[in-house]
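Engineer: Return atomic coordinates for the entry below.
(chains A and B)
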Protein chains: 2
Amino acid sequence: MTTSPTNPPTFEDVLSAAERLAGHARRTPMLESQLLNERLGGRLLVKAECLQRSGAFKFRGAYNRISRLDDKAKKAGVVAFSSGNHAQGVAMVSQMLNVPATIVMPTDAPKIKIANTRAYGAEVVFYDRETESREEIGEKLAAEKNATLVPSYDDPFVIAGQGTVGLELAEQAKEMGVTLDAVLIPCGGGGLSSGCALALSELSPSAQLFAVEPQGFDDTARSLAAGKRLSNEPGGKTFCDALILPTPGEITFSINRKLLTGGFAVSDADVAGAMAVAFRDLKIVVEPGGTVALAAILTGAYDVRGKTVAVVCSGGNVDAGVFSKAIAADE
Amino acid sequence: MTTSPTNPPTFEDVLSAAERLAGHARRTPMLESQLLNERLGGRLLVKAECLQRSGAFKFRGAYNRISRLDDKAKKAGVVAFSSGNHAQGVAMVSQMLNVPATIVMPTDAPKIKIANTRAYGAEVVFYDRETESREEIGEKLAAEKNATLVPSYDDPFVIAGQGTVGLELAEQAKEMGVTLDAVLIPCGGGGLSSGCALALSELSPSAQLFAVEPQGFDDTARSLAAGKRLSNEPGGKTFCDALILPTPGEITFSINRKLLTGGFAVSDADVAGAMAVAFRDLKIVVEPGGTVALAAILTGAYDVRGKTVAVVCSGGNVDAGVFSKAIAADE
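Structural biologist: Now for the predicted structure:
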């Protein structure tokens, strides 16, 4: 099989992805901090997906997609375009499964993401975020090589793979004996949020589900409010490099519009403050885009007082200079 | 009961501590990085004890000691002296069990350690590391308050509590289907290393066990080589604030001399490099003293090529400025 189904994935597809990922993806821990809970006046559980293989949740979707290719398609290889976390996930999985991988990345991607993608053996092709279309470059490369394009979010297998984060989160909450009032999930194209929503709406039905985005890139929040897919104004700036996308995915939004309560947008300063809290109180390294859901809690955008809430910290691939600048706010 | 037994603890005492800690201490994850393994040419498993409650393994020993006090002793309170991680462990456990706590800390302890100890509700009394004796101040305070002194390492219940790190590590290695060739453990007074050695010598009998210390504070390594307790030369300097102690404990050394193969010493520069690797490849925040065992692997002091080795990363309570300086080496 080289093509994905065109129907949106279901809860059963998330369960199937979990079966496929067993023994390959890491079951990342749910962390919490007593001091942080006291400050917030509620209980905050943090799904530390920055501790996933390749340093971000993207390993899950990539594995669920690429491992389903038939032998001929595996031999022909895969192409992906990504600012870096999907790049690393696809590169790592391709190396594991002996599949040639070509990754189209922006020239301004974090150094760690470029270095790791290459370290996993992938060929990296650069494009200029301002003047070139990564979609066009990716599709041209895939056609040339007869390779399979692995989308970073708008693909049923990719969404179902990312949904295993939500599946584990619901299971871990159950093991801890807690009922979640809400779950906040970082959102770029919507792969993680829609996948998690498939699992959480089934297993934690009383929890409200929210997407969190950077200010200026809150296309999903505005689209949810409008009931249709809206795009971001061009020219926005954020250091959340993982979440810079123009518009919600078609498949991801078809799920999110049914299952999410709404969305929040946070500023870069809010995100830096949340990175400092993750450093100080949780002892984890979270990259800017991975911290937006935590930031929405700390700013009070979602008020956790008297509640039990989970957030996903979705990735930790950040350059030392960016990280140090963010945590300096803590001193 | 207000006093501890005087006999060294045994493997059974570690099992008893594990029972007591169930549902209170966190089972911290074993992490690994494929890219790091490739660079090392072996398999390195990292027991991420920086993700323990209070940010360090010390919670375990403190809980195993303080929870065994009888009601009268609990009411009279506890006193401890510590550079900071034992302080936070004792303060957090005391708050949980409603026990008044007074902690004697050096004036130059990391800010995060002082702030958190206070945040857990303990009274902090400062002393000058150069001119005053924390033992004398601690004993005087305990006598005045009729309180129980909770030693930071040379106590059978404290050692057995820390030993649950080794117990989990052996269980997790078994779950992963690996046989460990060696385990490297950070060492100050020897509570963590001796406790882990009790568990690992029983459950991973073929693994060599090593203590790792900062250069200038390698009293345990030298004592193991000499077969008797030796002290450090005065005047040594290191930024591994958690491991600045004059000599191995009496009880801890009686265990370590039987069960450890030997010790390694690492420089502050080696430790900073290891903190950067933990940041980049493992996405965890580890403080200087918590990183020495990882540093011994990265410098090649213990050669992991072709082997499977575990290290304990024992704590993550580090100020942002110190952390940023360490990871800057990575850029």
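
Engineer: Touching, residue A:224 and residue A:211? I think so.
Structural biologist: Yes. Between residue A:224 and residue A:211 there is a contact under Cβ atoms under 8 Å: 7.3 Å. Heads up, the C-betas are built off the backbone N, CA and C, glycines and all.

Engineer: Give me the more crowded residue out of these two.
Structural biologist: residue A:211 (33 against 23; other Cβ atoms under 10 Å in any protein chain shown).

Engineer: Over to that one. Which of the three states is it?
Structural biologist: strand (DSSP: H, G, I helix; E, B strand; the rest coil).

Engineer: Residue A:105 too?
Structural biologist: Residue A:105 ends up strand, using three-state DSSP.

Engineer: tally of neighbours for it?
Structural biologist: Residue A:105: 25 neighbours (other Cβ under 10 Å).

Engineer: Quick one: residues contacting it.
Structural biologist: Neighbouring residues of residue A:105 by Cβ atoms under 8 Å, 6 or more residues apart in numbering or on different chains: A:81-84, A:87, A:113-114, A:117, A:124-127.

Engineer: Leaving out chain neighbours, which residue sits closest to the residue of the stretch 51-200 of chain A found nearest chain B?
Structural biologist: Nearest to chain B, among the residues of the stretch 51-200 of chain A, is residue A:119, at 5.2 Å (Cβ to the nearest Cβ). Spatial nearest neighbour of residue A:119, excluding adjacent residues (Cβ to Cβ, 6 or more residues apart in numbering or on different chains): residue B:35 at 5.2 Å.

Engineer: Tell me how many other residues crowd the one you found.
Structural biologist: For residue B:35, using other Cβ under 10 Å, the count is 17.

Engineer: which residues touch it?
Structural biologist: Per Cβ under 8 Å, 6+ apart, neighbours of residue B:35: A:116, A:119-120, B:281.

Engineer: Surely it is within a helix?
Structural biologist: Yes. Under three-state DSSP, residue B:35 sits within a helix.

Engineer: what pLDDT does it get?
Structural biologist: Residue B:35 is assigned a pLDDT of 95 by the prediction.

Engineer: Residue A:203 and residue A:170 touch, don't they?
Structural biologist: Yes. Using Cβ under 8 Å, residue A:203 is in contact with residue A:170, at 3.6 Å.

Engineer: what's the overlap in contacts for residue A:224 and residue A:211?
Structural biologist: Common neighbours of residue A:224 and residue A:211 (Cβ under 8 Å, 6+ apart) are A:256, A:260, A:262-263.

Engineer: Show me which residues of chain A sit near chain B.
Structural biologist: Contacts of chain A with chain B, taken as Cβ under 8 Å from any Cβ of the partner chain, map to A:26, A:28-29, A:31, A:34-35, A:38, A:50-51, A:53, A:55, A:92, A:112, A:116, A:119-120, A:276, A:279-280, A:282-286, A:316, A:319-321, A:323-324, A:327-328, A:330-331.

Engineer: what sits against residue A:193?
Structural biologist: So residue A:193 contacts A:185-187, A:209, A:211, A:220, A:252, A:256, A:260 (Cβ under 8 Å, 6+ apart).

Engineer: secondary structure class for it?
Structural biologist: Look at residue A:193: counting by three-state DSSP, its state is helix.

Engineer: And residue A:68, by the same measure?
Structural biologist: Here residue A:68 is recorded as coil under three-state DSSP.

Engineer: Count the neighbours of it for me.
Structural biologist: 17.

Engineer: Might one say that it is in contact with residue A:155?
Structural biologist: No. Between residue A:68 and residue A:155 there is no contact under Cβ under 8 Å: 10.8 Å.

Engineer: Contacts made by whichever strand or helix holds residue A:112 with the rest, please.
Structural biologist: Assigned by DSSP states H and E, residue A:112 falls within helix A:111-119. The contact list for helix A:111-119, computed with Cβ under 8 Å, 6+ apart, reads A:54-55, A:83-85, A:87-88, A:91, A:103, A:105, A:124, A:317-319, B:35, B:38, B:280.

Engineer: pLDDT averaged over that helix - what is it?
Structural biologist: Mean per-residue pLDDT for helix A:111-119: 93.

Engineer: ditto for stretch A:322-331
Structural biologist: 86.

Engineer: Same check on stretch A:170-189?
Structural biologist: 97.

Engineer: Could you export it as PDB, CA atoms only?
Structural biologist: Provided in PDB are the C-alpha atoms of stretch A:170-189 (Å, rounded to 0.1, in the frame of the first residue of the first chain):
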ATOM      1  CA  ALA A 170      -6.400   8.800  29.100                       C
ATOM      2  CA  GLU A 171      -5.000   5.500  30.400                       C
ATOM      3  CA  GLN A 172      -2.500   7.200  32.700                       C
ATOM      4  CA  ALA A 173      -5.200   9.500  34.100                       C
ATOM      5  CA  LYS A 174      -7.300   6.400  34.800                       C
ATOM      6  CA  GLU A 175      -4.300   4.700  36.500                       C
ATOM      7  CA  MET A 176      -3.900   7.700  38.700                       C
ATOM      8  CA  GLY A 177      -7.500   7.600  39.600                       C
ATOM      9  CA  VAL A 178      -8.300  11.100  38.300                       C
ATOM     10  CA  THR A 179     -11.100  12.400  36.100                       C
ATOM     11  CA  LEU A 180      -9.800  15.100  33.700                       C
ATOM     12  CA  ASP A 181     -11.700  18.400  33.500                       C
ATOM     13  CA  ALA A 182      -9.800  19.500  30.400                       C
ATOM     14  CA  VAL A 183      -6.900  18.600  28.100                       C
ATOM     15  CA  LEU A 184      -4.900  21.300  26.300                       C
ATOM     16  CA  ILE A 185      -2.900  20.300  23.200                       C
ATOM     17  CA  PRO A 186      -0.400  22.200  21.100                       C
ATOM     18  CA  CYS A 187      -1.700  22.800  17.600                       C
ATOM     19  CA  GLY A 188       0.000  23.500  14.200                       C
ATOM     20  CA  GLY A 189      -1.700  21.700  11.400                       C
END
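
Engineer: Pull the number of nearby residues for residue A:301.
Structural biologist: When neighbours are defined as other Cβ under 10 Å, residue A:301 has 17 of them.

Engineer: for residue A:91, that is, sorry about that
Structural biologist: Neighbours of residue A:91 (other Cβ under 10 Å): 28.

Engineer: buried sites along the helix or strand containing it?
Structural biologist: For residue A:91, the element it lies in under DSSP H and E is helix A:85-97. Neighbour counts over helix A:85-97 (16 or more other Cβ atoms under 10 Å in any protein chain shown) mark A:85-96 as buried.

Engineer: Quick one: work out the angle between it and helix A:111-119.
Structural biologist: Angle between the axes of helix A:85-97 and helix A:111-119 is 20 degrees (criterion: axes from the mean of the first three to the mean of the last three Cα atoms, to 10 degrees).

Engineer: Let me know the average pLDDT across helix A:85-97.
Structural biologist: 96.

Engineer: so what does that helix touch, helix or strand wise?
Structural biologist: helix A:58-66, strand A:78-81, strand A:101-106, helix A:111-119 (3 or more Cβ pairs under 8 Å, 6 or more residues apart in numbering or on different chains; DSSP states H and E).

Engineer: for these, which one ends up most surrounded?
Structural biologist: Burial of the helices and strands packed on helix A:85-97 is given as mean neighbour count (mean count of other Cβ atoms under 10 Å in any protein chain shown); helix A:58-66 ranks first at a mean of 30.
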